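Chemist: sequence unknown, structure follows:
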């Protein structure tokens, strides 16, 4: 039996913490679908969905059981459409858990799809796309926090 999981997120931009979660999931499950989602709660982002999808595809290109898609509606609808067995979410800190647990419970109540949490390693636990965007906007170096292709795009965007 094949196990397919869905890893949704805004990925604006994708960073090494995301890649860590994707890599871990690819080792645990048969198929991983990474979905760049338009999140109205996070406001206007630095990159549009097409750009985020392209960065994700480039960043996970070496993982044969990982695919990338975009979505701009409810995650549970995408999970049903993909016939995902689980939704996965990365956790950095206790504060993430509180928010993600409530979302997981709501998603399960609405769709029956359970959420599994994958903790990030301590070396990645401080990474957040919003901080990376802010550092980049002010000309800071984020090269150690993001994949090489993402760093290149960030430099072009915030030059």
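Modeler: Okay, I see it. Since the structure is predicted, the reported quantities are computational estimates derived from the model, not experimental observations.
Chemist: Could you tell me which residues within the helix or strand of the chain with the lowest mean pLDDT count as buried?
Modeler: Least confident helix or strand, the chain: helix 94-111 with a mean of 92, by mean pLDDT, DSSP states H and E. Residues of helix 94-111 classed as buried: 96, 100, 104, 107, 111 (neighbour count, 16 or more other Cβ atoms under 10 Å). Glycine gets a C-beta too; all of them are placed from N, C-alpha and C.
Chemist: which residues does the nearest residue to residue 68 once chain neighbours are set aside contact?
Modeler: Nearest non-adjacent residue to residue 68, counting by Cβ to Cβ, 6 or more residues apart in numbering: residue 56, 4.5 Å away. Residues near residue 56 by Cβ atoms under 8 Å, 6 or more residues apart in numbering: 11, 14, 34, 36, 68.
Chemist: Output those as a markdown table; include the columns pLDDT and secondary structure.
Modeler: A markdown table is the format used below for the contacts of residue 56 (pLDDT from 0 to 100; DSSP: H, G, I helix; E, B strand; the rest coil):
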| residue | pLDDT | secondary structure |
| --- | --- | --- |
| 11 | 96 | coil |
| 14 | 97 | coil |
| 34 | 98 | strand |
| 36 | 95 | strand |
| 68 | 97 | strand |
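Chemist: just curious, which of these is nearest to residue 22?
Modeler: Ranked by distance to residue 22 (Cβ to Cβ), the contacts of residue 56 are led by residue 34 at 6.0 Å.
Chemist: From residue 70, how far out is the closest one?
Modeler: Between residue 34 and residue 70 the computed distance is 10 Å (Cβ to Cβ, to the nearest Å).
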